[in-house]
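K.L.:
quick one: sequence and predicted model below, then my questions.
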Amino acid sequence: MNCVCQNPVEPIEARVKDLLSRMTLKEKIGQMTQIERRVATSSAIKNLSIGSILSAGGSGPFENALSSDWADMVDGFQNSALESRLGIPLIYGIDAVHGNNSIYGATIFPHNIGLGASRDADLAERIGAATALEVRASGTHYTFAPCVAVCKDPRWGRCYESYSEDTEVVRKMTSIVSGLQGQPPEGHPRGYPFVAGRNNVIACAKHFVGDGGTDNGVNEEDTKTSYEDLERTHMTPYLDCISQGISTVMASYSSWNGRKLHVDHFLLTEVLKEKLGFKGFLISDWEGLDRLSHPRGSNYRSSIASAINAGIDMVMVPFRFEQFLQDLTFLVESGEVSITRIDDAVERILRVKFAAGLFEHPLSDRSLLDKVGCKLHRDLAREAVRKSLVLLKNGRDPSKPFLPLNKIPQSILVAGTHADNLGYQCGGWTKKWNGCSGKITIGTTLLEAVKEAVGVETEVIYEQHPSKDTIEHNEFSFAIVAVGEEPYAETFGDNSELVIPMNGADIISLVAEKIPTLVILISGRPLVLEPWLLEKIDALVAAWLPGSEGQGITDVIFGDHDFKGRLPVSWFKSVEHLPISNRVNSHDPMFPLGFGLTYNKGE
Ligand SMILES: O=[N+]([O-])c1ccc(O[C@@H]2O[C@@H](CO)[C@H](O)[C@H](S[C@@H]3O[C@H](CO)[C@@H](O)[C@H](O)[C@H]3O)[C@@H]2O)cc1
């Protein structure tokens, strides 16, 4: 086919219009369809002109597959797409939300809440660029990131995916978009998607809009607030993403004042597309259309009509795509969904594909494989860990700080459920959707980092669950106790109690009774800290979910670097006080948003 659409010198808009004019209704609807890799067959991709394939959390070629195995898989799908009548390349998407976290050996960066503690926009941009390289090395073109939720209640299971409860902090960290996609040149038209080249990925700002503001932090529930507050608190970060050329936006499962976002024409079309001028494509969330009705998946055809007419351009089906194709075709032929709406959706999808250069470079670039988990990226992740740590207590007396720790003590005890568990350190969305326990990938646990940091003559004793005998029959200079949350994702993380799990408080109490103790909390959010517990320990560090580079913690607690992190969320005194807000009737927090001690000048 020798046409305008094939000529990379032609303006993107001319290529979009030309290709659209050549497409059948079947091909147009195929482009609006995203399916999960487990149901993606060569014939379906080729004959139905499927626009996109995704990996659900952890869904890959096989257990511990390497980036090269992923690239083989994605290129296989892409070759099927290139064999279709018009040869429109597909987009392969994955949740690379803290590094390319499904892939074995990838660098795992701190989750967003830890990056929010750093408040370092330049760091976020560099992490975006590193993540993009590792994603493209696996053949994948598209990441469902960043999550720009403003988490207003830590009981929400996705609190750790949010940079902060403070909109301004979230806005600052949207700089990751320029890292992921590349920086748009001067004069790039506002609202249009931008992807610099083969070392960058298509990004996705999510979940539009108000996902972090639901009642009591219940996942996928209702955000009850005025339009002015919704715009000021939850929508502003999207303006920053749009100004950086964000290519896609994902609709939220949640509702706004009782109306599901996936069918909210006002917010999806009149606000996002018309008022804010977003020209990329709007994608549904996973089975987002199925979750519009009860029982889930019923009235599917009606849900499709409502969602597409509200402004959804691509549907993350992800499994029953034949039903979706059949129903949407019926809806267009019956006039319930106009061809104008279909053309608008397909134009947006093609615009992103042309902007990403997929027509010119549809297949993976294997020269990127040596970037995966490389020293440069791991050093960057280590820097991010350092800057994410928040020092909440340092000594029983300000004049006698407990930290930094002595590097050549006689003997130290390292204890706790999270001291030697890489999976716990990484949290959810790592290897699997809801995370895993143990040595899940390449990385350094806190215990390994401590052993590396102290002198060879120092005795390091490790007990996950320390015994009275060990505590009483050894002379420890100090103890490091790491406790916290087990990995979780989404609704499985909704929690109204927020106590330190796995008897973490008991472990702390047992050790701190007898030994000067530093507690390191590995969690996706603030947890209950009883005053007696806080009193009992000598120092406390919030490490959030630091990822694969545990040495970032020892770099700071042993004094090679100072603390920089400041709380990205208020630390509540009691769950009864949640949600903490800046409204007049709100309770005082135990530690306020922005709190963080340092070695030099106290707070
Ligand atoms: O075990 N169960 O019972 C169970 C229940 C529900 C599940 O539901 C599903 O789990 C995951 C698949 O395993 C999916 O990722 C989504 S989540 C959705 O997926 C997008 C693509 O990954 C992300 O970008 C979005 O940010 C996110 O909101 C869904 O919630 C899974 C398992």
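P.N.:
Received, thanks.
K.L.:
going forward, measure contacts between C-alpha atoms and count neighbours the same way
P.N.:
Will do.
K.L.:
in the stretch 251-400 of the chain, where is pLDDT below threshold?
P.N.:
In the prediction, the stretch 251-400 of the chain carries no residues with pLDDT under 70.
K.L.:
now the residue lying closest to Leu268 once chain neighbours are set aside: phi and psi?
P.N.:
Once flanking residues are discounted, Leu268 sits nearest to Gly311: 5.6 Å by CA to CA, 6 or more residues apart in numbering. Dihedral pair for Gly311: phi 130, psi 0, per degrees, to the nearest 10.
K.L.:
was I right to think Gly311 contacts Thr269?
P.N.:
Yes: with contacts counted by CA atoms under 8 Å, Gly311 reaches Thr269, the gap being 5.4 Å.
K.L.:
these two: who's more crowded?
P.N.:
More neighbours surround Gly311 than the other of Gly311 and Thr269, with 28 against 19 (other CA atoms under 10 Å).
K.L.:
which one is whichever residue of the stretch 451-600 of the chain sits closest to the ligand nearest to, not counting chain neighbours?
P.N.:
Of all residues in the stretch 451-600 of the chain, Glu490 sits closest to the ligand, at 6.8 Å by CA to the nearest ligand atom. Closest residue to Glu490 apart from its sequence neighbours, by CA to CA, 6+ apart: Gly157 at 4.8 Å.
K.L.:
and the gap between the one you found and Ile507?
P.N.:
Distance from Gly157 to Ile507, counting by CA to CA, to the nearest Å: 25 Å.
K.L.:
more neighbours: these two, which one.
P.N.:
Higher neighbour count among Gly157 and Ile507: Gly157, with 23 against 20, using other CA under 10 Å.
K.L.:
helix or strand for that one, which one?
P.N.:
Counting by DSSP states H and E, no helix or strand carries Gly157.
K.L.:
that one contacts Pro487, correct?
P.N.:
No: with contacts counted by CA under 8 Å, Gly157 stays clear of Pro487, the gap being 10.4 Å.
K.L.:
leaving out sequence neighbours, find the closest residue to the residue in the stretch 351-500 of the chain that the ligand sits nearest to.
P.N.:
Closest contact between the stretch 351-500 of the chain and the ligand, by CA to the nearest ligand atom, is at Trp433 (5.6 Å). If the residues on either side of it in the chain are set aside, Trp433 comes closest to Gly57, at 3.9 Å by CA to CA, 6+ apart.
K.L.:
can you tell me which residues contact that neighbour?
P.N.:
Counting by CA atoms under 8 Å, 6 or more residues apart in numbering, Gly57 touches Ile94, Asp95, Ser102, Trp429, Thr430, Lys431, Lys432, Trp433, Asn434.
K.L.:
mind running it again at 10 Å?
P.N.:
If you count contacts by CA atoms under 10 Å, 6 or more residues apart in numbering, Gly57 has them with 94-96, 101-102, 428-435, 489.
K.L.:
what sits against the residue positioned nearest the centre of the chain?
P.N.:
Central residue of the chain (CA atoms, centre = their mean): Val97, 3.2 Å from the mean position. By CA under 10 Å, 6+ apart, the contact list for Val97 reads 108-112, 128, 131, 143-147, 161, 429-430.
K.L.:
looking at those residues, which are in helices?
P.N.:
Asn112, Gly128, Thr131 (DSSP state H).
K.L.:
closest to Gly30 out of those?
P.N.:
Thr131 (29.1 Å; CA to CA).
K.L.:
can you give me the neighbour number for the residue nearest to the closest one when sequence neighbours are not counted?
P.N.:
Residue nearest to Thr131 in three dimensions, not counting chain neighbours: Gly99, with 5.0 Å by CA to CA, 6+ apart. Residues near Gly99, counting by other CA under 10 Å, number 28.
K.L.:
please apply the same query to Val456.
P.N.:
11.
K.L.:
how near is the residue lying farthest from the centre of the chain to His465?
P.N.:
Within the chain, His473 marks the point farthest from the mean C-alpha position, 44.6 Å out by CA atoms, centre = their mean. Per CA to CA, His473 is found 16 Å from His465.
K.L.:
go on, Leu180?
P.N.:
In terms of CA to CA, Leu180 sits 41 Å off from His465.
K.L.:
equivalent analysis for Ile12, please.
P.N.:
60 Å.
K.L.:
report pLDDT for the residue of the stretch 451-600 of the chain closest to the ligand.
P.N.:
In this model, Glu490 is scored at 95, pLDDT.
K.L.:
next one: Thr167
P.N.:
Predicted confidence (pLDDT) for Thr167: 98.
K.L.:
I'd guessed Asn112 sits against Val569; true?
P.N.:
No: between Asn112 and Val569 there is no contact under CA atoms under 10 Å: 11.8 Å.
K.L.:
shared neighbours of the two, anything?
P.N.:
Residues touching both Asn112 and Val569 (CA under 10 Å, 6+ apart): Cys159, Ser162, Tyr163, Ser164.
K.L.:
list just the nearest of those residues to Lys393.
P.N.:
Ser164 (21.1 Å).
K.L.:
leaving out sequence neighbours, find the closest residue to that closest one.
P.N.:
Closest to Ser164 by CA to CA, 6+ apart is Pro568, at 4.8 Å.
K.L.:
how close does the one you found get to Gly213?
P.N.:
16 Å.
K.L.:
so the residue lying closest to Val499 once chain neighbours are set aside, which of the three states?
P.N.:
Among residues not flanking Val499 along the chain, Val528 sits closest, at 5.1 Å (CA to CA, 6+ apart). Under DSSP: H, G, I helix; E, B strand; the rest coil, Val528 falls in the coil class.
K.L.:
could you name the helices and strands sitting against whichever strand or helix holds Val169?
P.N.:
For Val169, the host element (DSSP H and E) is helix 167-173. For helix 167-173, the packing partners by 3 or more CA pairs under 10 Å, 6 or more residues apart in numbering; DSSP states H and E come out as helix 112-118, helix 121-137, helix 236-243.
K.L.:
all helices of the stretch 451-600 of the chain, in order?
P.N.:
Applying DSSP state H, counting those that start in this stretch to the stretch 451-600 of the chain gives helices spanning 468-472, 504-512, 531-536, 551-557.
K.L.:
pick the most buried one from the ones you listed.
P.N.:
Mean neighbour count (mean count of other CA atoms under 10 Å) peaks for helix 551-557 among the helices of the stretch 451-600 of the chain, with a mean of 24.
K.L.:
quick one: contacts for the residue nearest to Thr131?
P.N.:
106-111, 127-128, 130-135, 372-373, 377, 381, 430, 547.
K.L.:
need the residues that contact stretch 456-473.
P.N.:
If you take CA under 10 Å, 6+ apart as the criterion, stretch 456-473 is touched by 407-421, 447, 450-451, 454, 474, 476, 479-483, 503-504, 506-508, 510-515.
K.L.:
again, only using 7 Å
P.N.:
With contact meaning CA atoms under 7 Å, 6 or more residues apart in numbering, stretch 456-473 is reached by 408-417, 451, 507, 511.
K.L.:
now, of the residues you listed, which are buried?
P.N.:
Burial by neighbour count, 16 or more other CA atoms under 10 Å: within the contacts of stretch 456-473 this picks out Pro409, Ser411, Ile412, Leu413, Val414, Ala415, Gly416, Thr417, Lys451, Ile507, Val511.
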